[in-house]
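**Student:** quick one, structure for this:
(2 chains)
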Amino acid sequence: MPQLEDVEQRLGPFSLKDENFTVVLHEKRLPGAPDPLFSQTLGTLEVLDGKGVVHYQRIFKFAVEGERFERSLTASVRLLSGKYFTGLLISYRLRLASGENAEAWQVFGYQDGRYKAQDARFRIFDKPLRGEYGANTSTEMRLVTPNGVVTKPIVPEGEIFEFRVWTGNFYLLLPVGVDFANGKLRRGMRCAGTGGAKPGMHEIGCDMRVEAERKPPEAETTFLRLLNGFEPDQGEPLHVVLDKNSKVEILKANAFVDWGLSGDLMQVALHDLWLQVQIDGDDQKRGWIHTNEDFAAVGLPARRAAP
Amino acid sequence: MRIWLFVVMSLLAVLAMAVGWRMSQTRASWQTNQPRATQEKLPGQSAEQPANVQQQSPSQPPAQDTGAPSGATEGKETERHVGPFSISGSDYTVVLHNKKRQPGSTEESGETVVAMEIRDAAGAIEYQRKFPYQGANDTFSDAWFVDVRILAGTNGTGLLVSYSYDTEPSAPQAEYDGWWQVFGIADGKLKPFSAPISIMGQVVGWDDAGKSNIYKSAGPLGPRGDTLQFKIWTGHFRMIYPVRVDWAEGKMTPAQPCDEQAAKNISGELPSCQYKVLPEDDRQIGNTTFVTLCTRPGEKCENSEKVVVKTNSKVELLVAQVKARWNEGVATGPSGKSAKLMDAMDDAGGIGWAQNEELWLKARIDGKEGWMHGEEDFNAFGLPHDQ
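**Tutor:** Residues are numbered from 1 along each chain as shown, chains lettered A, B, ... in the order given. Purely as a prediction, here's the structure:
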């Protein structure tokens, strides 16, 4: 094995309930590796409190293939700051030499001690609950206490945060419920409807917000096939010709989301991904697209995740 | 409608059922769609003028019409004599037995044919066909029409009979379906050259207005045959299916057979048969659009190219390809049932293709040629389509 260098990154401090936390990334670097993407990878991640006490540590395997790591794992941290909950969101991105990508997330924070602050404890919010229920943060209750009126969310106790999930062409903002009463993550939304081929009420894909950075195609003309229904995979196909002057609005995405766990990492898989777009501000040219060919036509070709 | 066409052409055995289904569909559609305006009738026909049977060619003696043109009542049958028509030196007269049409909810008037006979000069019946008469009905109004003309070919002369029906109320259609039957002299006797042939469309050049009672064939085909061209509505455009009228044998056969053997002889790769296509005047292109053109028709659309179609693009429809099948129908005639509207035609043959057969259209768009297929591209191309 060639000589590896240790690289340490300290992210933070992040303030949670008057405590400062730091995330330390211990990375391995392969000096002189020709491909910068596979010259460095995460080896160990630690979450430390202000006194340097390690509250969490995870070691990741790595291997070298010739002059490169066989895979590249990176991590980033941001503060989840909601109305009721503040936590750390650690996002992992795994890249394989084959071009495949994977993402995973961890949420750290204090599990709510209900009305006793001393009961709160810092922990990883791990496994989604079975028989998930939808978080509903818009429903609140007002409690009269000796110190005044406080507002608390009613059951389910939680708050919704949006995780940026790379689809291969753009980011969609996946609602994730942080259940700080139970220290769990759960789906931020579930969607049901009567559309499609299945009879009766059944689960359908959910609409989600999109972050998309368009890269207009080099071709003078591109061809777009829109389905003009209100829901994905519905309506009549429209053939729209785009040129460099065409105005493309990305409206929203729709997908089914499968949740999974790899150890204490939360992962999601998207399927039946659709994107609603509108061309030239024309309601008649509003519709859903689905294929990589059509994503590319609106300037969202398949590519590696942007930072 | 198109499904019905496919089915009815595919298997003769299911013809009667399919026709019955089509009728029920027609009626069912009325329940969910706007009723068709009462003035919309079969092309060239009206309830007041049920069939173009009185028009005579200058070369023919005036038609003898012994029936009362009006005043027929529900129980009273009138006769209308059409002809005589001179075929191979013999005169034939077509006698139509009419009854008053039930008015239905759209208050139709006029008559419906309940029987058609072809009689020789002595009055002997050489051929006859009966049509059911609709009982009193507050909702629907059905009527049968028969139109007869001389079929004038280079190698022979016969009769071309058109059968059609109208049921009201009904939705408008791009083309109406009807039956066509050729009669001629074979072995010294008048005979039908096939069962009535059902198509959605007409024969090419058929004059709905009936200014002439002579219909000229599309030209000779061999020393003893002539071509009769059927203009068939495919669901998006009209293609021409040529049929050979063999005057000597007294038969009709496809002029472009489309079986596997014939296909092999063309290219060795089992391509489907190709047919001429008529221009479509009512293409609707509201915006610039595109279609996918393939270099060759077939399952593998190799080297496909998306081609822009502008509102002012020069567009030509060149040729269609589909595995069209010819069904000559039942030679022994109708089953004799008369309970349902379509039973009169349960012996009919037809021209069509299986539902899973792909229809291809070769077009030229601003000079670029290629093959397209599928509803999506046909619609994007602005071709008309059935409602």
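**Student:** all strands of the stretch 101-250 of chain A, in order?
**Tutor:** With strands called from DSSP state E, counting those that start in this stretch, the stretch 101-250 of chain A shows them at A:101-111, A:121-125, A:140-145, A:148-153, A:159-166, A:171-179, A:184-187, A:192-193, A:202-203, A:206-211, A:221-227, A:237-243, A:248-262.
**Student:** could you tell me which residues of chain A lie near chain B?
**Tutor:** By the rule C-beta under 8 Å from any C-beta of the partner chain, the part of chain A lying against chain B is A:221, A:223, A:236-241, A:284-285. (Glycine included, C-beta is placed from N, CA and C.)
**Student:** so what's residue 244 up against?
**Tutor:** Picked chain A for this. If you count contacts by C-beta atoms under 8 Å, 6 or more residues apart in numbering or on different chains, residue A:244 has them with A:216, A:220.
**Student:** wrong one, chain B
**Tutor:** By C-beta under 8 Å, 6+ apart, the contact set of residue B:244 is B:221-222, B:225-228, B:252-255.
**Student:** host element of it?
**Tutor:** strand B:238-246 (DSSP states H and E).
**Student:** quick check: next helix or strand after that strand?
**Tutor:** Using DSSP H and E, the first helix or strand after strand B:238-246 is strand B:251-254.
**Student:** what's the end-to-end length of stretch A:174-190?
**Tutor:** Taking C-alpha to C-alpha, to the nearest Å, stretch A:174-190 runs 11 Å from one end to the other.
**Student:** residue A:103 touches residue A:167, doesn't it?
**Tutor:** No - Residue A:103 is beyond contact range of residue A:167, at 10.3 Å (criterion: C-beta atoms under 8 Å).
**Student:** can I get stretch B:360-377 in CSV, CA atoms only?
**Tutor:** Listed next in CSV are the C-alpha coordinates belonging to stretch B:360-377 (Å, rounded to 0.1, in the frame of the first residue of the first chain):
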residue,chain,number,x,y,z
TRP,B,360,-46.3,3.6,-40.0
LEU,B,361,-46.5,6.7,-42.1
LYS,B,362,-43.7,8.0,-44.3
ALA,B,363,-43.7,11.8,-44.5
ARG,B,364,-41.6,14.6,-46.0
ILE,B,365,-41.2,17.6,-43.7
ASP,B,366,-39.4,20.6,-45.2
GLY,B,367,-37.5,18.2,-47.5
LYS,B,368,-36.6,15.6,-44.8
GLU,B,369,-38.1,12.2,-45.2
GLY,B,370,-38.7,9.5,-42.6
TRP,B,371,-41.2,7.1,-41.0
MET,B,372,-43.2,7.9,-38.0
HIS,B,373,-45.6,5.8,-35.9
GLY,B,374,-47.7,5.9,-32.8
GLU,B,375,-50.5,8.0,-31.7
GLU,B,376,-48.2,10.5,-30.0
ASP,B,377,-46.3,11.4,-33.1
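**Student:** near chain A at all, that stretch?
**Tutor:** Yes - against chain A, stretch B:360-377 shows contacts by C-beta under 8 Å from any C-beta at residue B:376.
**Student:** for that stretch, the distance to its chain's centre please.
**Tutor:** Using C-alpha atoms, centre = their mean, to the nearest Å, the mean C-alpha position of stretch B:360-377 is found 26 Å from that of the whole chain.
**Student:** for stretch A:253-268, same thing?
**Tutor:** The answer for stretch A:253-268 is 9 Å, by C-alpha atoms, centre = their mean.
**Student:** quick one: average pLDDT of it?
**Tutor:** Here stretch A:253-268 scores 86 as its mean pLDDT.
**Student:** buried set for it?
**Tutor:** A:253-255, A:257, A:259, A:265-266, A:268 (16 or more other C-beta atoms under 10 Å in any protein chain shown).
**Student:** now stretch B:173-186
**Tutor:** Within stretch B:173-186, judged by 16+ other C-beta under 10 Å, the buried ones are B:173-186.
**Student:** all the helices of chain B, residue numbers only.
**Tutor:** B:2-10, B:15-32, B:260-267, B:375-380 (DSSP state H).
**Student:** number of residues surrounding residue B:93?
**Tutor:** For residue B:93, the count of nearby residues is 19 (other C-beta atoms under 10 Å in any protein chain shown).
**Student:** ok, now which ones touch it?
**Tutor:** For residue B:93, the contacting residues are B:64, B:81-85, B:118-119, B:121, by C-beta under 8 Å, 6+ apart.
**Student:** what's the closest of these to residue B:329?
**Tutor:** Nearest to residue B:329 among those is residue B:118, at 17.6 Å by C-beta to C-beta.
**Student:** of all the buried residues of stretch A:253-268, which two lie farthest apart?
**Tutor:** Largest pairwise distance in those, by C-beta to C-beta, is 25.4 Å, between A:254 and A:265.
**Student:** show me what residue B:238 is bridged to.
**Tutor:** Judged by DSSP bridges, the bridge partners of residue B:238 are residue B:233.
**Student:** doesn't residue B:200 make contact with it?
**Tutor:** No - checked against C-beta under 8 Å, the pair residue B:238 and residue B:200 is beyond contact range at 9.5 Å.
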